[in-house]
Every structure is written in C-alpha cells, then in structure tokens.
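In: structure for the following, please:
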Amino acid sequence: MKLRHNKKRNTALIFETLSRELTKAIVNKDSENKNKIISIIKEHFKKGTTLATELELYKGILQSRNMDSLTAEKVIFESKKQYDDLDKEKIFNEQSNLIKKINKELSTEVFSNFVPNYKNLATLYQIFNSELAPKNKVLLENEIVGYMSDKQTIREEKKQVPSDKLVMKTFVSNFNEVYSKTLCTEQQELLNKYITSFVDNGIELKLFLNEEIGRLKEVIGESLATRSAKDDYPALEKTKKVLKAIDGFRERQIDTAMVEKILKIQNLASEITK
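Out: You can find the predicted model right below:
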C-alpha cells in the first residue's frame, strides 16, 4: 500500500530532523549552528504555536506504548478528532516559514537526516492528512495500534543504536577516545530530552535528570566503595571528583556544558556496569 507522504509537510518529521541536526552540532561543538537550531526550535515550536500543538498529537501517539489494543484505538481516535480541529491553513503557513528558515539559515541537507521512526511518522501523517479509502485507513491505523501495543518492539528499540554514522563518528571524536562506538540507552534518552526541552520548557528533561543523577551517583559510589587503598591513587581521586561533580548537578542550571559532562559520566557508568 503506497500512499503519498510529503516529508517537508510532516511537522513531527521536521522536528525530528532538526533534533538530529542539533545533536550533531552539540557533539561537534559547533556553537554557531547549535544556537541557530535552538533559536529555530524555540521560535516555531514554542507553546501556543499551531506546530507545537500538532507535534504534541504525534508525540501523544508515538509515546504511548505497552497499551491494550482497545485503549490504543481510543487514543488514535481522540487524536484524530483534535487534529481535525486544527487550522490547516495556519499549519501550512507556519510550516512554510519553518522550511524557509531551515533552508536559509542551516541547509537543505537537514531534511536528509536519518530518522529511526520515519515509517511511523509517515504513517501518522497519512492518517492525519490523507483522504484514505476505508480499507487503507484501517490498515494504517492497525499498524500504529500494533506499534502502541507491541511489547517486543519496545524491547528491540531499547537495544537499537543510532544509525547516523556522522553522529557516531563525531561523538567518538569529540567526547572521549575510549568511548564505545555506540550511545548507550541513557545517553540517547538524555540527548532526546535535552532537544525536546526547548519545546516543553524542560519539564521532561528535569524529571529525567532527577532520576538519572541519582542512578549515576549510586553506580559511581558503589564503584568507589569496592576500591581499596591498593588501587591506583589517581583513579581513586578521579572517581571522587566525578561524585562531587554529580552532587553539584542538582544545583546547576541545565545547559549544553552540563549535558556534555553527564554524557561522559553516563559512558563511565555504562563501562562500570558491563
């Protein structure tokens, strides 16, 4: 079943491609591009904009997992009702301004970024926007219901690593020579929460960091407790400094520098727990 999908008119897909571009800028330490992307996201996806409202409808479905089929169908039904109430002309105009800004200030290559959940975003776009034949509509909605209720898919996704080779290469280059060549699950989640923090005022990021900082402190603390006086003294002192840095995170304002430090500590914690 092949239906038309215009990726430049898929608000959620545009947001995801910008997110990937921001990740590249962060790991490349490209402050100029990073600031441009943050400015674009804040301007076009700030609370109250039609695109922000539309994006939430996509996220509301794709972030709903491990549901029974009936509940998933109800979520899709209510989301479609809310989508139908949106001003489509306003969406089109806001998208046009956003696309123009990306092309002018960043690059048309932004739209070529790899997006892991492209298929689901395209399917939702078709469900929301297309005048589908009843059979095609049911088939597409069944795909999304399956995604929302499939526990196996969730387990597989947790094992996935980003497929964008550029992101992986620059991450390894810029953060630490001894990093593994994949981002662990916690690092992926931190980057995603940081990127979306420009839309939801950092609510999800703060909630995530509250738990993640506690987890990191526990992992690093246990590592320190198992060391003895015979261990390498510099290594012991470095571990103590890491713990001190973790304690200080709760008092700091969240910024890129803090995120980069936590990414490094997450990598350390991942090595310790292997």
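
In: quick one: contacts for N120?
Out: L62, E143, I144, Y147 (Cβ atoms under 8 Å, 6 or more residues apart in numbering). For glycine as for every other residue, the C-beta is placed from the backbone atoms N, C-alpha and C.

In: measure how far whichever strand or helix holds Y125 is from the centre of its chain, please.
Out: Counting by DSSP states H and E, the element that carries Y125 is helix 118-129. Relative to the mean C-alpha coordinate of its chain, helix 118-129 is positioned 18 Å out (Cα atoms, centre = their mean, to the nearest Å).

In: show me the shaky parts of the protein.
Out: 1-5, 27, 130, 151-182, 198-201, 203, 227-235, 274 (pLDDT under 70).

In: what about the helices in it?
Out: Under the criterion DSSP state H, the chain carries helices at the ranges 11-27, 31-45, 50-62, 69-84, 88-105, 118-129, 134-149, 151-159, 165-175, 185-200, 203-226, 233-249, 256-272.

In: look up how far Q126 lies from K42.
Out: Applying Cβ to Cβ, to the nearest Å, the value for K42 to Q126 is 29 Å.

In: out of those two, which sits in the busier spot?
Out: When K42 and Q126 are compared on other Cβ atoms under 10 Å, the one with more neighbours turns out to be Q126, at 19 against 11.

In: surely the more buried one touches L139?
Out: No: under the contact definition of Cβ atoms under 8 Å, Q126 does not touch L139, with a separation of 10.5 Å.

In: which non-adjacent residue is nearest D68?
Out: Distance criterion Cβ to Cβ, 6 or more residues apart in numbering; nearest residue to D68, sequence neighbours excluded, is S149 at 6.3 Å.

In: was I right to think the one you found contacts S64?
Out: No: in this structure S149 lies outside contact range of S64 using Cβ under 8 Å: 9.3 Å.

In: what sits in contact with each of these two?
Out: Common neighbours of S149 and S64 (criterion: Cβ under 8 Å, 6+ apart): A72.

In: residue contacts, the nearest residue to D247 once chain neighbours are set aside?
Out: Leaving out its chain neighbours, the residue that sits closest to D247 by Cβ to Cβ, 6+ apart is K217, at 7.2 Å. Residues touching K217, when contacts are defined by Cβ under 8 Å, 6+ apart, comprise L243, I246, D247.
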